[in-house]
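A.B. asks: just coords:
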């Protein structure tokens, strides 16, 4: 068993796979474009299934950096330039596979499904023979167009160039959001409204306001009339969601929200110009962002409702105590593999596999997003790595640089300054069965706040997980708590 694990680790670290497969990729000549970027090919060993949109760690994946591709290119899995994620020890054994792929040309935005990229809408079959060889041709003929938010009487798009962020990044940076006006807005031109800023979690953008999910989840049609501003937490953020946190890598997103976006919105819409009537809501990464904003800009907001927040206390960073001696992201103190993404209390993968998939995929995934949000840049402006990608060993010096973003430590260090300013403003909720063990961090945060007598409201909801916490009853409760603060 130990030998098998060692071999699997070697494969995960990039040892050349024995499979020699050639993939001929055709692009649409009618587009009259050349492509430079990262070419991904994903496989599915069960040909009765479709290949999912997100990388599946149980299946083999390949990637190549390509340059000036026009019309077609042929790549091989045994090229020195290829990267490879193995499916255990059975990656591309003889047999049939479905394959699909995408060519990512935009490294300014997180993820691969961005405007300008091309992909294969139609999956094709690949046969690998007994010698581990095979060939396939796949057509990348689908072009990802720029997204457009369809405005209505109630939903408006806001795009504001930020001087603060542009100066920091030395390029034009824009804040994007969708404003949802209450139905009564157009009927009474003399009426002004309180405002709720919503920061969604992973995968959430302001384009979500074209659907019904945000309205339902955040209770936009419940209670007292309010203007909702649904923020985009990943615009022009190559290293992952910035969550509207002032970051030494991503830039001063929190300051830009407070000093640039809010005044713009107050001039454009009938928003009550009273900081006590501005509220924050957030889920997951947005949950952390909403709490961070309330603690760091206590006079700018009248309350935050942080739900299933990313780690708010680094003594339980996705279940890992980052301050523990000889801490390792992959294994615990007994040397056992750490589990993550729990379903009904059972881990569905290890942190080692999670990290390996993210490293294969490239910039902008969850672990790097933490490094950019909390950490400091290296000489190239990239976030310093908090862990060794080979061994999993956590870098003590990088953790030390993260400490200002450990909100448990923050509230202890700033207790005297905060206690009179955030009374009744901080609400932090998590499911007691959170899939990423974020409930543990909420409990640690609550304990530290209590120790220094800073009044915060925290609660772990029994039976709820990272997402199911948003029941109708919970949404009504949050809406009622906000409404109670509206004058």
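C.D. replies: Ah, there it is. This structure is a prediction, so every number in the text was calculated from the model and none was measured.
A.B. asks: Domains in this structure, by residue range?
C.D. replies: Residue ranges for each domain of the chain read 20-143, 155-314+403-483, as given by automatic domain parsing.
A.B. asks: Can you pull the poorly scored residue ranges out of the protein?
C.D. replies: Applying pLDDT under 70 to the chain picks out residues 1-19, 80-82, 86-91.
A.B. asks: Can you tell me the centre-most residue of it?
C.D. replies: residue 202 (3.6 Å; C-alpha atoms, centre = their mean).
A.B. asks: before we move on, back to that, can the domains of the chain go into CSV with extra columns for distance to residue 362?
C.D. replies: Every C-beta, even on glycine, is put in place using the N, C-alpha and C of the backbone. Below are the domains of the chain laid out as CSV (distance: least, C-beta to C-beta, whole Å):
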stretch, distance to residue 362
domain 20-143, 6
domain 155-314+403-483, 10
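A.B. asks: Please tell me how far the residue nearest to the centre of the chain sits from residue 172.
C.D. replies: 25 Å (C-beta to C-beta, to the nearest Å).
A.B. asks: Equivalent analysis for residue 121, please.
C.D. replies: In terms of C-beta to C-beta, residue 121 sits 32 Å off from residue 172.
A.B. asks: Same check on residue 83?
C.D. replies: 32 Å.
A.B. asks: Of the two, which one has the most company?
C.D. replies: Each of residue 83 and residue 172 has its neighbours counted (other C-beta atoms under 10 Å); residue 83 has more, 17 against 11.
A.B. asks: Surely the more buried one is within a strand?
C.D. replies: Yes: Residue 83 sits within a strand when classified using DSSP: H, G, I helix; E, B strand; the rest coil.
A.B. asks: For residue 417, give me phi and psi.
C.D. replies: Dihedral angles of residue 417 (phi, psi; degrees, to the nearest 10) stand at phi -80, psi -30.
A.B. asks: and it, how many neighbours does it have?
C.D. replies: When neighbours are defined as other C-beta under 10 Å, residue 417 has 11 of them.
A.B. asks: same deal with residue 332?
C.D. replies: So residue 332, with other C-beta under 10 Å, has 16 neighbours.
A.B. asks: Spatially nearest residue to it (excluding sequence neighbours)?
C.D. replies: Residue nearest to residue 332 in three dimensions, not counting chain neighbours: residue 338, with 5.8 Å by C-beta to C-beta, 6 or more residues apart in numbering.
A.B. asks: Equivalent analysis for residue 466, please.
C.D. replies: Nearest one to residue 466, counting by C-beta to C-beta, 6+ apart, is residue 435 at 4.4 Å.
A.B. asks: wouldn't residue 276 be in contact with residue 302 here?
C.D. replies: Yes: at 4.0 Å, residue 276 and residue 302 qualify as touching, with contact defined as C-beta atoms under 8 Å.
A.B. asks: Now the common contact residues for these two.
C.D. replies: The overlap between the contact sets of residue 276 and residue 302 (C-beta atoms under 8 Å, 6 or more residues apart in numbering) consists of residue 485.
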